[in-house]
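>>> Here's a sequence, model it:
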Amino acid sequence: MLQSRRLTIAICAIMLAAAVAVGGGVGFAAAQEDDDIPSLPAAYHGELTAADESLDAPVRLEAVADGDVQESIIVDADGSIGGPTISDEKLTVQEPEDQTVEFQIGGEVTTVQTLDGDQINDESIPWESETQEIELQIDSKADIPSSVDLSITDTNSPVEAEDTLTVTVEIENTGPIEVSPDIELQDGNNTVVDSTETTVPIDETVETTLSWTTTSDDVGTQDVAVTAENETASTDVEIESPDIADPGNGDDSGGQGGAVGVAPPPTDDDEADDTDPTDGEFETTETQMIVASDEFGISQVRFTEATSLASITWDTPTIPQELATVETYDHSPDGVPAVPGNVLTVSDVSLPANATDEPATVEFRADQAAIDDAEATPDELTVARLVDDSWEPLDTNVTEETNNTVLLEADTPGFSNFAVTTSSPTAEIDAPDSASSGSEVTVSGSNSTTPFGEIVSYEWSIDGETHTGERVTTTVPDDESTVELTVENDAGDTHTTTQTLTTTDDSVPGFGVIAALSALLAATLLLYRRV
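This next block holds a predicted model:
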C-alpha cells in the first residue's frame, strides 16, 4: 500500500512538472494616474457665421478670459474655426480665474450658439480642460471693423514735367478681417490720378505702386496723397521743368533719371518664387507658457492636439515661466537630416536658453491613421532626438492608446529636434521551404534590417530548440515545424517573424506523443523500482 501511494505521488509530481514546463505565468501592470500635473489648456474649434449673409472673408477671432485676450485664430472664409484633428489649428485658453471664456472680433463679443452640439445662445461659456466644438454667430459681416495703416515708402522724385511720377505705398492690415481696399493716388489738387485694388490678409503688409503722368502745369512742389479705408498718407514731390532737369542721366526719358530704390510691381515669376516648397504638407506652430509648481516640485508646458508634442515635464520648479514654442512637420524640414524609418512627425522645440539643456520627460502624440500608413504598430514607434546631425532613439513607452491617438513618453537629456518614427528592426528569414527529414539545413537572418544603429542579437526557435547567431544549422525534424527568428537592435527594439519548414518524406503519425509518453513511463518505472 505504501509503495502504491508513493507511486501515485510520483506520477502526480511528474505530471505537475510537465504542466509547469508547458504553462506560463500571468502578470499584471498597474497604471498610476498623476493628478498633480497642471491642467491641459482648453481648445476650441468649430464654425463662425453671420446672421445676414455668408462670411466670405477670413476673420481674426480672439478668445478672452479674465478680461484679457488669451489667443487668436484666423477663421477661414467659409467660417471654419480650426478643426478637430492633430494637424488642425485650435483656439487655446489656459485655465482662467473666473472659469469663463468669451469670443470677440475687433472687441465685439460674438454669440455662442452651441457648445459640443448643445444650445447655448450666450456670450460666454464655462472653461473646460478639453477640446470642444463651438458654433459662433455675429449679426452682420458689415459690423466687423476694418483697419489699415498706410505709409509711402518711396518715390522717384524729382521728375521732369510730362514724365511719370511713381509712388510706392505699403498697406498694413491691422484689423480683424481681410480687406480689399481701393487705393487712390491724388495730386496736389486732390484729383485722383491713379487707383488700384489689392487684397491684404490679416496681419500682413502689401506693397503696391501707383503712377501719375505729370504735365507742364504741375511744375513745382506737389503734396501728393494716397488714401485707403479712410486712411491717408502724404509726401512732397518735386516736378521740374525741362530746362532745369539733369541732362546727364543718359536715359531716353528726357531727364527722369530712373526710379532709384523703387520696387516694381511683382511679376508672376516673383510670386512663384515666394511659394512655400512644402505647401500642402502638415506643418503647425503653437506657443504655450511654462508653468512651475513649488508644491509638486515640477515645471511643465502642455500643448493642444494641434501639435505632435503633448507636454514637457521637468523634475524641478526652477524652469523659467516663459513661452515655449513647438513647430511640427510630417517630414524633415529644410536643414534637418532625414529621419530613419517611416517618419510620422518631426518637431522643433524652442525653449528659454537655460532650459534647453535640462533633462525632462516628453510626451508625443501619434495618429493611428499615420501609424497604419507606416505599416507599424504603436509598440514599434520611438521618439528620436537630433544630436550633432544624427538621430538618436530615446527609450520610448506607449502610455495611452485610443481609437484615434497613441501617446508616447520618453526621457530626454536636452532639447533640439525630435521625431516620432518607426524604430523596430525588421526580421527576415532566409531558409528553404522544405527539406528531407533528418537532413541538415542552414537558416540565415542576414537580410534583417534596422532603421537605427545595428542588429546586435539573433534569437532562433526551431522545432522547440533555441539557437543564437546570424546563421544557424539545424536538423530537419520528421514532421512540419516552425522556424522563428527574433532580432534586436542596439536601441533595444525587437521584431519577430516565422516561417514554416516542411519535410519531404512521410513521418510516423503521433511519434512525438508516443516518445513523450514512453519517456514519462520510463521515468515512472525507474522511480517505482527505487521506492
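
>>> so E123 makes contact with Q113?
No: applying Cβ atoms under 8 Å as the test, E123 and Q113 come out as separate, 11.0 Å apart. For glycine as for every other residue, the C-beta is placed from the backbone atoms N, C-alpha and C.

>>> between those two, which one's more packed in?
Set E123 next to Q113 and count neighbours by other Cβ atoms under 10 Å: Q113 wins out with 16 against 13.

>>> Next, the nearest residue to that one once chain neighbours are set aside: secondary structure please.
Spatial nearest neighbour of Q113, excluding adjacent residues (Cβ to Cβ, 6 or more residues apart in numbering): E135 at 4.6 Å. With DSSP: H, G, I helix; E, B strand; the rest coil as the basis, E135 sits in strand.

>>> and E135, how many residues sit next to it?
19.

>>> got a list of what the nearest residue to E123 once chain neighbours are set aside touches?
Take E123 and drop its neighbours on the chain: the residue closest to it by Cβ to Cβ, 6+ apart is V109, 4.8 Å away. V109 makes contact with E102, F103, E123, according to Cβ atoms under 8 Å, 6 or more residues apart in numbering.

>>> Turn those into CSV, including secondary structure.
Shown next, in CSV, are the contacts of V109 (three-state DSSP):
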residue, secondary structure
E102, strand
F103, strand
E123, coil
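
>>> Would you reformat those as CSV and include pLDDT and distance to A338?
Shown next, in CSV, are these (pLDDT from 0 to 100; distance: Cβ to Cβ, whole Å):
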residue, pLDDT, distance to A338
E102, 95, 46
F103, 95, 42
E123, 93, 50
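
>>> Pick out whichever of those residues sits closest to L344.
F103 (32.6 Å; Cβ to Cβ).

>>> count of residues packed around the closest one?
Neighbourhood size, F103 [other Cβ under 10 Å]: 25.

>>> if I read this right, it contacts V59, doesn't it?
No: using Cβ under 8 Å, F103 is not in contact with V59; the gap is 11.0 Å.

>>> E207 contacts E172, correct?
No: assessed by Cβ under 8 Å, E207 is found out of contact with E172, at 10.1 Å.

>>> and the most centrally placed residue in the chain, what does it touch?
Nearest residue to the geometric centre of the chain (Cα atoms, centre = their mean): T328, 3.5 Å. Contacts here follow Cβ under 8 Å, 6+ apart; on that basis T328 touches F282, E283, T284, T285, T307, S308, L309, T345, V346, S347.

>>> 6 Å instead?
Counting by Cβ atoms under 6 Å, 6 or more residues apart in numbering, T328 touches T284, T307, S308, T345, S347.

>>> most neighbours, which of these?
S308 (29 neighbours).

>>> Make sure that one is actually in contact with E363.
No: between S308 and E363 there is no contact under Cβ atoms under 6 Å: 9.9 Å.

>>> quick one, helices of the stretch 201-350 of the chain?
Here the stretch 201-350 of the chain has its helices, by DSSP state H, counting those that start in this stretch, at 268-273.

>>> go on, the stretch 401-531 of the chain?
For the stretch 401-531 of the chain, the helices defined by DSSP H, counting those that start in this stretch occupy 511-530.

>>> quick one: low-confidence parts of it?
Residues of the stretch 401-531 of the chain meeting the criterion pLDDT under 70: 491, 505-531.

>>> Let me see the ranges of the strands in it.
405-412, 417-422, 434-435, 440-444, 455-462, 465-468, 471-475, 481-489, 494-503 (DSSP state E, counting those that start in this stretch).

>>> from the ones you listed, which stretch is densest packed?
Each of those was scored by mean neighbour count; the highest is strand 417-422, a mean of 25, by mean count of other Cβ atoms under 10 Å.

>>> What distance do you get for D372 to V406?
To V406, D372 is 11 Å away according to Cβ to Cβ, to the nearest Å.

>>> wait, I meant T235
Here the criterion is Cβ to Cβ. By it, T235 lies 60 Å from V406.

>>> for F364, same thing?
For F364 relative to V406 (Cβ to Cβ), the value is 9 Å.

>>> And T208, by the same measure?
Distance, T208 to V406, using Cβ to Cβ: 49 Å.

>>> Take the contacts of V109 and lay them out in TSV including distance to S332.
Written out in TSV, the entries for the contacts of V109 read as follows (distance: Cβ to Cβ, whole Å):
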residue	distance to S332
E102	41
F103	37
E123	45
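
>>> Just confirm N354 is within a helix.
Yes: with three-state DSSP as the criterion, N354 is part of a helix.

>>> any idea what sits nearest it, other than its immediate chain neighbours?
Residue nearest to N354 in three dimensions, not counting chain neighbours: P320, with 6.7 Å by Cβ to Cβ, 6+ apart.

>>> And for G341?
Nearest residue to G341 in three dimensions, chain neighbours excluded: P451, at 3.6 Å (Cβ to Cβ, 6+ apart).

>>> Tally up the residues packed near the one you found, please.
Neighbours of P451 using other Cβ under 10 Å come to 22.

>>> phi, psi of it?
phi -70, psi -30 (degrees, to the nearest 10).

>>> just to revisit the earlier point, roughly how far apart are the residue nearest to E123 and V237?
V109 is 46 Å from V237, where distance means Cβ to Cβ.

>>> just how off-centre is stretch 233-240 within its chain?
51 Å (Cα atoms, centre = their mean, to the nearest Å).

>>> V206 reaches T198, doesn't it?
Yes: counting by Cβ under 6 Å, T198 is a contact partner of V206 at 5.4 Å.

>>> So for those two, which residue has more residues nearby?
For V206 versus T198, the count of surrounding residues by other Cβ under 10 Å is larger for V206: 18 against 15.

>>> Setting aside sequence neighbours, what's the nearest residue to that one?
In space, V206 comes closest to V200 once its chain neighbours are excluded; the distance is 4.8 Å by Cβ to Cβ, 6+ apart.

>>> Please name the bridge partners of the one you found.
For V200, the beta-bridge partners are V179 (DSSP bridges).

>>> so who does it touch?
The contact partners of V200, by Cβ under 6 Å, 6+ apart, come to I171, N173, V179, V206.

>>> likewise L55?
Neighbouring residues of L55 by Cβ under 6 Å, 6+ apart: G79.

>>> Next one: it from Q104, what distance?
Here L55 is placed at a distance of 16 Å from Q104 (Cβ to Cβ).

>>> rewinding a little: may I have the beta-bridge partners of the residue nearest to Q113?
E47, T114.

>>> What is the burial count for the closest residue to T285 other than its chain neighbours?
Distances taken as Cβ to Cβ, 6+ apart place E327 nearest to T285, at 4.9 Å, with adjacent residues excluded. Residues near E327, counting by other Cβ under 10 Å, number 18.

>>> my read: E327 touches D348, true?
Yes: contact criterion Cβ under 6 Å: E327 and D348 qualify, at 4.5 Å.

>>> buried set for the host helix or strand of A369?
Element membership of A369 [criterion: DSSP states H and E] is helix 368-373. Along helix 368-373, these residues count as buried under the neighbour rule (16 or more other Cβ atoms under 10 Å): A370, I371.

>>> which helices and strands does the helix or strand just after that helix pack with?
Going down the chain from helix 368-373, the next helix or strand is strand 381-387, by DSSP H and E. Other elements packing on strand 381-387 under the criterion 3 or more Cβ pairs under 6 Å, 6 or more residues apart in numbering; DSSP states H and E are strand 390-393, strand 405-412, strand 417-422.

>>> Quick one: closest of those to D118.
Closest of the helices and strands packed on strand 381-387 to D118 is strand 405-412, at 24.3 Å (criterion: Cβ to Cβ).

>>> so what's L48 up against?
Going by Cβ under 6 Å, 6+ apart, L48 touches V75, G79, I81, L136.

>>> again with E128
So E128 contacts A42 (Cβ under 6 Å, 6+ apart).

>>> Skipping adjacent residues, who's closest to G188 in space?
Nearest to G188 is Q222, by Cβ to Cβ, 6+ apart, at 3.9 Å.
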